[in-house]
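> The sequence and its predicted three-dimensional model are supplied below.
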Amino acid sequence: MIKPSTKLKVITVHKLQDLTCLRRYFWHWILNLEPKRLNLAFWWGGVIGAGFAAVLLGHHSDGILEAIEVESKKRVRRHTVTLDDEREMEVQKQLIWMLIEAARPICHRQGLRLKKAEEKVCFRLTGSPVWFYGKLDGVGVHGKKSAIIETKSASTINDDYLNAIVRSRQVYSYAVAKSKKGNCPAECCYCIFHKPMKRVKQNQSINSFLAEMQEDIQKRAIWYFRLRPYTLSKNVILHTEKTLESSAKMLLAIYKSLGKDLLQPYSWPEADERQCLTYGGCQYLLLCQSPDTWQVCAKHFYQQREFLYEIENEEVQNERI
């Protein structure tokens, strides 16, 4: 049974990102659906983030490995995992350990330290019943400067990618929230891991593959890990706050205008089909292929998503569908 959200009480960075396709927004944030099967890409990003945070907090090897295992179990417990997934995850956990070990001396040389991991931030938008909520990867110091520390994983790290993240709405939204409390850091420090694209070859043993990767990571540590600090602009912080406010007003207007049709898939138009292939394919393609019978499909392949913030419960209607 699904508990849909029919009221708008909170916006998040990820909620606003999904506005690029209103149908995706509907499946994810109105019907509150997520796939039952574990998404390995999301798992990978979360696990390497947890392990890397342990490094920046000064933990030794045992503490880092424990952080990796705890995060992995946390992300697996709500989802279906196949035997092939389990085998792949065991290999990937060893690769994650290698990448983190290669990044450790780079961070140490640049004086990057984490004071607090996974800090929740929130503030109420001006003239609105809507709140902004978010969770930073961490806050700490880079050299002598206070910094928001964000961990990212990417299949490609080039100049275009590095230049794009300088104006990240996600980080600047967090900076707005920190500014409201009067303690906005001076800069953001991106820690970017280049996710290995190599896979075990036919007739190659796992140990041989891992030895090959270990050698490559040690030789090219700077290729697999990049540290990108940049100063947070006060003007962009102000601009981002206004953008968040206008986005909330737009969403409130959509919810109000749809009224009784809010829970109808066709009330939320699909984006250009090219977006369906973003990040290897949208998680809601199955539902978009059969919007008239979405409940049958959802029963077998989807479940209600986990609420990250208590305020999200205020958005939910009492009836289940």
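Yes, it's here.
> in a strand, that's where residue 173 is, yeah?
No - under DSSP: H, G, I helix; E, B strand; the rest coil, residue 173 falls outside any strand and is assigned helix.
> how close does it sit to residue 317?
27 Å (C-beta to C-beta, to the nearest Å). C-beta coordinates here come from the backbone N, C-alpha and C atoms, glycine included.
> Mind checking which of the two has more residues around it?
residue 173 (24 against 13; other C-beta atoms under 10 Å).
> Next one: that one, what pLDDT does it get?
As predicted, residue 173 sits at a pLDDT of 97.
> Kindly report the same for residue 272.
Per-residue pLDDT puts residue 272 at 84.
> Could you check how far it is from residue 282?
Taking C-beta to C-beta, one finds residue 272 at 12 Å from residue 282.
> Mind checking which of those two has more residues around it?
Neighbours were counted for residue 272 and for residue 282 using other C-beta under 10 Å; residue 282 has more, 19 against 8.
> Isn't that one up against residue 275?
Yes - assessed by C-beta atoms under 8 Å, residue 282 is found in contact with residue 275 at 7.2 Å.
> which neighbours do these two share?
Common neighbours of residue 282 and residue 275, using C-beta atoms under 8 Å, 6 or more residues apart in numbering, are residue 21.
> longest helix anywhere in this protein?
Scanning the chain for the longest helix, with DSSP state H as the assignment, gives helix 83-109.
> Which SSE is immediately downstream of that one?
Going down the chain from helix 83-109, the next helix or strand is strand 112-124, by DSSP states H and E.
> Name every strand pairing with that following strand and say which way it goes.
strand 131-142 (antiparallel) (DSSP bridges).
> State the next helix or strand along the chain beyond the strand it pairs with.
Following strand 131-142 in sequence order, the next helix or strand is strand 145-154 (DSSP H and E).
> so who does the nearest residue to residue 98 once chain neighbours are set aside touch?
Closest residue to residue 98 apart from its sequence neighbours, by C-beta to C-beta, 6 or more residues apart in numbering: residue 217 at 5.0 Å. Listed by C-beta under 8 Å, 6+ apart, the contact partners of residue 217 are 98, 99, 102, 196, 224.
> Kindly recompute the last result at 6 Å.
For residue 217, the contact set (C-beta atoms under 6 Å, 6 or more residues apart in numbering) comprises 98, 102, 224.
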